[in-house]
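*Asks:* sequence first, then the predicted structure, then my questions.
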Amino acid sequence: MSVDHPSRSRRRTASILFTCIFLLVWSALAASQESDSALRAALPAIGPELEQQRDHYRQAAQALARGDRRAFAAHMHKLSGYPLAPYLEYADMSARIDSVDATQIAAFLERHPHAQFSRTLRQRWLDHLAAQRRWPEYVRFYDADLVSTQLACRYGYALFQTGDSERGAAVGIPLWQVGSSQPEVCDPLFEELISAGHISEEVAWVRYTRAVFNHQYGLANYVSRFLTSPSYRQRAELYLRVDRNPHEIANYSLFTSHTPEELTLLRHGLTHLARSNPRMALNHWNRYHQSHTFDTAAEQEISSALVRALYQAGDRDTADQYLQQIAPQASQELLEWRLRLLVEAGDWQSILHWSAHLSATAAFDSRWKYWRARALELTGGSAAEIRTLYQNIAGERSFYGFLASEWLGTPHQMQHEPVPVDASQLRNLANREAFIRIRELLHQDDRDWARREWHRALSGAPQQELLTAAKLAELWGWDNQAIAAMIQASYWNDIQVRFPLSHRDSFQAQARNTGVPVNLLFAIARQESAFNPDAVSSAGARGLLQLMPATATETAKRHGIAYRQRAELHDPIKNIALGSRYYMDMLKRFGNNRILATAAYNAGPGRVASWRARSAGELPFDVWIELIPFRETRNYVQNVLAFSIIYAHRLGLETTMLTPEEKGARL
């Protein structure tokens, strides 16, 4: 499969344009810095009295930790009006939860009704009341906003114990009806529901169907005891038969009621049958599609299951014929899945055909404009149309936009637009109680509580408030929350806030030590953790560059870096030192190819080696990226490469996203 590119000579003639664009970017950033100075001046001043209170707070916290109540009281006496004094009250009461009385708890919660620490204290107090079986007080202190299954189950039980069985049932029935087992703490409530006769057949039927669809057959068998009438018993038997043997949908006489329940069961049976016998499932679907009326979501789910199963079964002609038939109604996800398979096959003519079926929204996506342009290149299409497609996306700040601009030899476009925040907006937000507390928590290096306060303060906030908060976080040096607020506000074009130069000295030092471009190291950190040094992934990766402890240990030994425990990975300096060397190792392993090294950093070098073996070195670089089997890794590689260009601009570096060697390599 050959690959033709626009002439690289255009890139050489564009150097003057690159110079101009960098001057423009730096002028914009300089203006932004002047604006930042004015905004910083609007922040509340930190006077000597506040500094003294900060010191007393630290000493009070230390005294409380070592159990010195006399010293604790002495320092607390000097904290009148300090924003974080209630945190020490909370910590004190939380530590003495077994001896504090309800009046003290109630008074504290009343004084601080919206504070995050009040929610935590209320949860601990409710746990204490439940352990003491003080059910009237439990009902009094319960707050549905806590959103906890365990607390809700205890609340429902407490209502029964205080004689309010009607409200207890209203709380308990939805908890009982879930399609999986609930925590043991819910058992007393469920026993009350059963003994009081609240589990009717109608109530039980909801849980039965959910259990069956979740393949929780033991739970379904238990729930079936509540289905005593012949009608419900027959329906239950049919549900179980269809779930375990979807061929049952061939018996059309069983499905004549046209109820929502029946449509749901048919949807379930058809998608399950498609996995084992897609041809048969398609035949039944053609029949039911005429006799029953399904909503759009159901039609798209069933159609997608059929097309994918037919393709995987090797019946590609039938799959494509059916997809052609339903193309106007097919989900965009299904069409994009088919297009990706065509990219893998190098079937450029078919890409032109199927891309025409994309919705207007998807067709304007830079990904598919790019691949349509590439398909036209490889099928001898119109040079004017190819150039127009590339020009349409070359202005975007994205992976495909940057690729298009490099094919055209034109400068990358940053589209930088600073957030519209003025000094008065910033001052007003910074002076709100919640944000004063957040500022002080950050000063006390208590980022966990600061994050909780931040999320609660901005829950449901309008866009302008989110943008102001993002700018405030940036001025505080709290870059990961600034990034999060920008995402929450859906404001994408302030590259200064969204792509900060956090820990710049450490990144530059490690770039010199390893030879890894500094803009690439910044890009990895931005993608991995958004510069949150406390980040821990579900797999256990930690810190700015999200290193697994085992990987850190191995890397430290290989490069002679002192490292003893995983907690060190939350130290930015240590994390950057280890992460940059691990990436350097990946570059060495994969021939200095940033595509492969970046994929390996995310998915592991073993997987990347297996993907290369599968492609047998026959794929162009952009096709190989598009066909990375893991969506997470595919997006990861594209984001890191695109972010590296954004950071190059932020750092005043002139570079391309990939080298000519990387673009010319077969992977």
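*Replies:* Nice, I can see it.

*Asks:* counting by contacts, list what the strand or helix carrying Asp127 packs against.
*Replies:* According to DSSP states H and E, Asp127 maps onto helix 116-131. Using 3 or more Cβ pairs under 8 Å, 6 or more residues apart in numbering; DSSP states H and E, the elements in contact with helix 116-131 are helix 85-95, helix 102-111, helix 135-141, helix 149-161, helix 447-458. Yep, even glycine has a C-beta here, placed from its N, CA and C like the rest.

*Asks:* mind listing what's buried in that helix?
*Replies:* The neighbour-count check on helix 116-131 (16 or more other Cβ atoms under 10 Å) flags 116-119, 121-123, 125-126, 128-130 as buried.

*Asks:* same thing with stretch 650-664?
*Replies:* For stretch 650-664, burial by neighbour count (16+ other Cβ under 10 Å) applies to 650-651, 655-658, 662-663.

*Asks:* ok, now stretch 208-227?
*Replies:* The neighbour-count check on stretch 208-227 (16+ other Cβ under 10 Å) flags 208-212, 216, 219-220, 223-224, 226-227 as buried.

*Asks:* still on that earlier bit, now, of the helices and strands packed on helix 116-131, which is deepest in the fold?
*Replies:* Compared across those, helix 149-161 shows the largest average neighbour count, a mean of 22 (mean count of other Cβ atoms under 10 Å).

*Asks:* after that helix, which helix or strand is next?
*Replies:* Next along the chain after helix 149-161, taking DSSP H and E as the criterion, comes helix 165-176.

*Asks:* domains in the chain, by residue range?
*Replies:* 48-212, 423-498, 504-664 (automatic domain parsing).

*Asks:* for the second one, give the mean pLDDT please.
*Replies:* If I follow you right, that is domain 423-498. Mean per-residue pLDDT for domain 423-498: 95.

*Asks:* any idea how far apart the tips of it sit?
*Replies:* With Cα to Cα, to the nearest Å as the measure, the ends of domain 423-498 fall 20 Å from one another.

*Asks:* next one: stretch 352-371
*Replies:* For stretch 352-371, the end-to-end distance is 9 Å (Cα to Cα).

*Asks:* residues in contact with that stretch?
*Replies:* Outside stretch 352-371, the residues within contact range by Cβ atoms under 8 Å, 6 or more residues apart in numbering are 327-328, 330, 332, 335-336, 338-339, 342-343, 351, 372, 375-376, 379, 381, 389-390, 392-393, 396, 398, 400-401, 403-404, 622, 626.

*Asks:* are any of those buried, and if so which?
*Replies:* Applying 16+ other Cβ under 10 Å to the contacts of stretch 352-371 flags 330, 332, 335-336, 338-339, 342-343, 351, 372, 375-376, 381, 389-390, 392-393, 396, 398, 400-401, 403-404, 622, 626 as buried.

*Asks:* and those, which of them are in helices?
*Replies:* The helices, defined by DSSP state H, take in 332, 335-336, 338-339, 342-343, 351, 372, 375-376, 389-390, 392-393, 400-401, 403-404, 622, 626 from the buried ones among the contacts of stretch 352-371.

*Asks:* element containing Gly218, please.
*Replies:* Using DSSP H and E, Gly218 falls in helix 217-223.

*Asks:* elements contacting that helix?
*Replies:* In terms of contacts (3+ Cβ pairs under 8 Å, 6+ apart), helix 217-223 is packed against helix 201-213, helix 230-244.

*Asks:* out of the buried residues of stretch 208-227, which one sits closest to Leu547?
*Replies:* Gln216 (37.7 Å; Cβ to Cβ).

*Asks:* in contact with the residue nearest to that closest one when sequence neighbours are not counted, which residues?
*Replies:* Excluding the flanking residues, the one nearest Gln216 by Cβ to Cβ, 6 or more residues apart in numbering is Ser180, at 5.8 Å. The contact partners of Ser180, by Cβ under 8 Å, 6+ apart, come to 211, 214, 216, 219.

*Asks:* circling back: as TSV, the helices and strands packed on helix 217-223 with distance to Gly606 and mean pLDDT would be great.
*Replies:* What follows is the helices and strands packed on helix 217-223, written out as TSV (distance: least, Cβ to Cβ, whole Å; pLDDT from 0 to 100):
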stretch	distance to Gly606	mean pLDDT
helix 201-213	36	96
helix 230-244	37	94
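
*Asks:* possible to save those helices as JSON lines with distance to Ala600?
*Replies:* JSON lines is the format used below for those (distance: least, Cβ to Cβ, whole Å):
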{"stretch": "helix 201-213", "distance to Ala600": "39"}
{"stretch": "helix 230-244", "distance to Ala600": "41"}
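
*Asks:* pick the most buried one from those.
*Replies:* Using mean count of other Cβ under 10 Å, helix 201-213 ranks as the most buried of those, with a mean of 19.

*Asks:* now distance to Ser359 too, for the buried residues of stretch 208-227, in a markdown table please.
*Replies:* Putting the buried residues of stretch 208-227 into a markdown table (distance: Cβ to Cβ, whole Å) gives the following:
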| residue | distance to Ser359 |
| --- | --- |
| Tyr208 | 39 |
| Thr209 | 33 |
| Arg210 | 33 |
| Ala211 | 37 |
| Val212 | 35 |
| Gln216 | 37 |
| Leu219 | 40 |
| Ala220 | 39 |
| Val223 | 42 |
| Ser224 | 44 |
| Phe226 | 46 |
| Leu227 | 44 |
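
*Asks:* which one of these sits closest to Glu433?
*Replies:* For the buried residues of stretch 208-227, the nearest to Glu433 is Arg210 (43.5 Å; Cβ to Cβ).

*Asks:* count the neighbours of His75 for me.
*Replies:* 22 (other Cβ atoms under 10 Å).

*Asks:* re earlier: got TSV for the helices and strands packed on helix 116-131, with distance to Pro517 too?
*Replies:* Listed next are those as TSV, based on distance: least, Cβ to Cβ, whole Å:
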stretch	distance to Pro517
helix 85-95	43
helix 102-111	53
helix 135-141	56
helix 149-161	48
helix 447-458	30
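
*Asks:* closest one to Arg432 among the ones you listed?
*Replies:* That would be helix 447-458 among the helices and strands packed on helix 116-131, by Cβ to Cβ, at 7.6 Å.

*Asks:* and the helix or strand just after that closest one, what other elements does it pack with?
*Replies:* Counting by DSSP H and E, the next helix or strand C-terminal to helix 447-458 is helix 463-476. If you count contacts as 3+ Cβ pairs under 8 Å, 6+ apart, helix 463-476 packs onto helix 15-41, helix 423-430, helix 433-443, helix 447-458, helix 479-489, helix 495-498.

*Asks:* and the angle for helix 463-476 with helix 423-430?
*Replies:* For helix 463-476 against helix 423-430, the angle by axes from the mean of the first three to the mean of the last three Cα atoms, to 10 degrees is 80 degrees.

*Asks:* now do the closest residue to Leu466 other than its chain neighbours against Asn431, distance only.
*Replies:* Nearest residue to Leu466 in three dimensions, chain neighbours excluded: Ala489, at 3.7 Å (Cβ to Cβ, 6+ apart). Using Cβ to Cβ, to the nearest Å, one gets 21 Å for the distance from Ala489 to Asn431.

*Asks:* these two: which has the busier surroundings?
*Replies:* Ala489 (20 against 12).

*Asks:* for Arg542, grab phi and psi.
*Replies:* phi -130, psi 150 (degrees, to the nearest 10).

*Asks:* show the contacting residues for the spatially closest residue to Ser424 that is not a sequence neighbour.
*Replies:* Here the nearest residue to Ser424 in space, its sequence neighbours aside, is Ala42; by Cβ to Cβ, 6+ apart that works out to 7.4 Å. Contacts of Ala42 were listed using Cβ under 8 Å, 6+ apart, and they are 423-424, 426-427, 430.
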